[in-house]
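**Student:** Mind looking at a prediction? Sequence and model below.
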Amino acid sequence: MKILVIGSGGREHAVVDALAQNSRVKQIFVAPGNGGTAGQATNIPIAADNVAALRDFGRDQKIDLTFVGPEVPLSLGVVDLFRTGGMKIVGPNAENAQLESSKTYSKKFFKTHRIPTADFWSCATAAEAYARLEMVQYPTVVKADGLAAGKGVVIAETKEHARAAVHEFMEAKSLGAAGAKLVIEEFLTGEEASFHVFADDKVAQPMVAAQDHKRRFDGDQGPNTGGMGAYSVDTILTPEERDVVMRTIIRPTLDNAPGFTGILYAGLMMTAAGPKLLEYNTRFGDPETQVILPRLKTDLLEVLVDMAEHRLALRTLEWTSEPTASVVLVASGYPGKVENGKRIRGVQEAARLEGVKIYHAGTRMEDGHVVTAGGRILNVTARGATLSQALDRAYAACEMISFDGKDYRRDIGKKGLAKQK
């Protein structure tokens, strides 16, 4: 088979790595890919948001199956375009992708279909948002309506903080069109969990749960980012909690999103009143994918083919009980401005450690060397007999890798370790 993977991050490298294990795969193309995917696939210089060029490439190369990694091409209708051309592709259509691409759309969807979520208020103008901030309790959450690569959410402790977020998003236009509308949301307390399912219309096959670390610095301090690390262990959700999530959140969603096919990712807050849905992603999370896929014993390609051919109901998924952890190595200025082109050393040596995989994110090849090309550079991932061992292995590998400005959180998985004591 000839496979096309759309995207350029650590998530896409993890998908490529998993697909490459299947002997049926003869060639994998990645558009545009990164310095890591270049070692396992053929990178194609087509941007992930150039959906017409991606369609043309898929048609000309007679691609057998396409997998969409990031959210932007989904929101631009890449799935609709491919399907109209008779090509197999895994991902939701543009209508269903609105569950992620518009916070206003998704929150109204949750309310209409009685999916447990935080109270919210949609604001079309800055004046509306400022007026609402006079009435809410603090802390409160300010969210950009559109796609913002994980940077469109502010947890505001005070009214002044919230007003600054509204100004930044709506008046200073720091996120462009993504901040043209806002959702102001009730702040929920509890522990977060990332819950993914493979979806095929009304069929859902749940994956193992993960926990992301969104804040930039140790102790969950600093601005939200695209994700600084993640871990996956069976104690994140109890079997009973998984059942509640499936019954009250996932199934009502698929029952009311006709034809949803692809990955559905529920960002959950486990509150005292039960699980509540913070938001949906209509694709794999990043860096959650990097800790979920290493636990999947079932062949990923077979699962994706089942989804594309609408027979997922016949598939039984198998997972390893071994915990996994991933630490994201970032450039020091992230999530602000960073300098690119810094040579990365020690990756091959670190990858030789037992249980370790290095997934590339913001990297590229330059003069035969791997260099930095973004804010999140590498996902240093490890498995272990225990979560503690997985984390020890990941952090040992982090120490072996070097580049100018390297930084990372030192407390990934801390909540998971505390839960196991």
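**Tutor:** Done, it's in. Residues are numbered from 1 along each chain as shown.
**Student:** Which residue ranges of the stretch 201-350 of the chain form strands?
**Tutor:** 203-206, 211-212, 215-217, 221-224, 229-232, 261-271, 274-281, 324-331 (DSSP state E, counting those that start in this stretch).
**Student:** can you give me how far the fourth one is from the chain middle?
**Tutor:** Counting by C-alpha atoms, centre = their mean, to the nearest Å, strand 221-224 is centred 18 Å from the centre of its parent chain.
**Student:** so what secondary structure elements neighbour that strand?
**Tutor:** Contact here means 3 or more C-beta pairs under 8 Å, 6 or more residues apart in numbering; DSSP states H and E; on that basis strand 221-224 packs against strand 153-156, strand 215-217. All C-beta atoms are positioned from the backbone trio N, CA, C, and that covers glycine.
**Student:** Could you tell me the least trusted of the ones you listed?
**Tutor:** The minimum mean pLDDT among these belongs to strand 153-156 (a mean of 91).
**Student:** and the following helix or strand past that one, which residues are buried?
**Tutor:** The C-terminal neighbour of strand 153-156 among helices and strands, as given by DSSP states H and E, is helix 159-166. Along helix 159-166, these residues count as buried under the neighbour rule (16 or more other C-beta atoms under 10 Å): 161-163, 165-166.
**Student:** who touches helix 159-166?
**Tutor:** Residues from elsewhere that reach helix 159-166 (C-beta atoms under 8 Å, 6 or more residues apart in numbering): 123, 126, 129-130, 133-134, 136, 138, 140, 142, 154, 156, 182, 184.
**Student:** Let's have those residues in TSV, adding distance to residue 254, secondary structure and neighbour count.
**Tutor:** Shown next, in TSV, are the contacts of helix 159-166 (distance: C-beta to C-beta, whole Å; DSSP: H, G, I helix; E, B strand; the rest coil; neighbours: other C-beta atoms under 10 Å):
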residue	distance to residue 254	secondary structure	neighbour count
123	29	strand	22
126	36	helix	15
129	32	helix	25
130	37	helix	16
133	35	helix	22
134	38	coil	8
136	32	coil	19
138	35	coil	14
140	30	strand	24
142	29	strand	28
154	30	strand	21
156	33	strand	21
182	28	strand	26
184	28	strand	23
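**Student:** out of these, who's nearest residue 239?
**Tutor:** residue 140 (33.5 Å; C-beta to C-beta).
**Student:** Could I get the pLDDT score of the closest one?
**Tutor:** Residue 140 is given a pLDDT of 96.
**Student:** With residue 421 instead?
**Tutor:** Residue 421 is given a pLDDT of 65.
**Student:** Centre-most residue in this structure?
**Tutor:** Residue closest to the mean C-alpha point of the chain, counted by C-alpha atoms, centre = their mean, is residue 285 at 1.7 Å.
**Student:** Would you mind confirming that that one is in contact with residue 227?
**Tutor:** Yes. Using C-beta atoms under 8 Å, residue 285 is in contact with residue 227, at 7.3 Å.
**Student:** Identify the contacts common to these two.
**Tutor:** residue 212.
**Student:** picking up where we left off before, for the buried residues of helix 159-166, give me JSON lines that also has distance to residue 192.
**Tutor:** Below are these laid out as JSON lines (distance: C-beta to C-beta, whole Å):
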{"residue": "161", "distance to residue 192": "20"}
{"residue": "162", "distance to residue 192": "21"}
{"residue": "163", "distance to residue 192": "26"}
{"residue": "165", "distance to residue 192": "20"}
{"residue": "166", "distance to residue 192": "24"}
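**Student:** between the residues you listed, which is closest to residue 339?
**Tutor:** residue 165 (27.1 Å).
**Student:** Check for me that residue 57 belongs to a strand.
**Tutor:** No. Read with DSSP: H, G, I helix; E, B strand; the rest coil, residue 57 is helix and lies in no strand.
**Student:** Enumerate every residue touching it.
**Tutor:** Applying C-beta under 8 Å, 6+ apart, the residues near residue 57 are 4, 29, 31, 44, 46, 63.
**Student:** And for residue 52?
**Tutor:** Residue 52 neighbours (C-beta under 8 Å, 6+ apart): residue 81.
**Student:** circling back: lowest mean pLDDT across the strands of the stretch 201-350 of the chain, which one is that?
**Tutor:** strand 221-224 (a mean of 90).
**Student:** can you dump the C-alpha coordinates of that one into PDB?
**Tutor:** Output of strand 221-224 as PDB, limited to C-alpha atoms (Å, rounded to 0.1, in the frame of the first residue of the first chain):
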ATOM      1  CA  GLN A 221       2.700  27.600  35.800                       C
ATOM      2  CA  GLY A 222       3.000  29.900  32.800                       C
ATOM      3  CA  PRO A 223       1.000  30.200  29.500                       C
ATOM      4  CA  ASN A 224      -0.800  27.400  27.800                       C
END
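**Student:** any idea how far residue 347 lies from residue 360?
**Tutor:** 8 Å (C-beta to C-beta, to the nearest Å).
**Student:** Can you pull the residues that touch both of the two?
**Tutor:** Joint contacts of residue 347 and residue 360 (C-beta under 8 Å, 6+ apart) are 370, 378.
**Student:** So between the two, which is more surrounded?
**Tutor:** residue 360 (29 against 21; other C-beta atoms under 10 Å).
**Student:** Identify the bridge partners of that one.
**Tutor:** In this entry, residue 360 is beta-bridged to residue 378, by DSSP bridges.
**Student:** next one: the one 10 residues further on
**Tutor:** With DSSP bridges as the criterion, the beta-bridge partners of residue 370 are residue 365.
**Student:** Near the closest residue to residue 310 other than its chain neighbours, how many other residues are there?
**Tutor:** Nearest residue to residue 310, sequence neighbours excluded (C-beta to C-beta, 6 or more residues apart in numbering): residue 200, at 5.7 Å. Applying other C-beta under 10 Å, we find 24 residues neighbouring residue 200.
**Student:** Equivalent analysis for residue 170, please.
**Tutor:** Count around residue 170 with other C-beta under 10 Å applied: 25.
**Student:** Could you do residue 309 as well?
**Tutor:** Quick note: residue 309 (other C-beta under 10 Å) scores 11 neighbours.
**Student:** Look up how far residue 81 lies from it.
**Tutor:** Distance from residue 309 to residue 81, by C-beta to C-beta: 19 Å.
**Student:** Also residue 374?
**Tutor:** 27 Å.
**Student:** Contacts for the longest helix seen in the chain, please.
**Tutor:** With secondary structure taken from DSSP state H, the chain has its longest helix at helix 387-400. Identification of contacts with helix 387-400 by C-beta under 8 Å, 6+ apart yields 231, 233, 322-327, 329, 346, 349-351, 353-356, 358, 380-384, 408, 410, 412-413, 416-417, 420.
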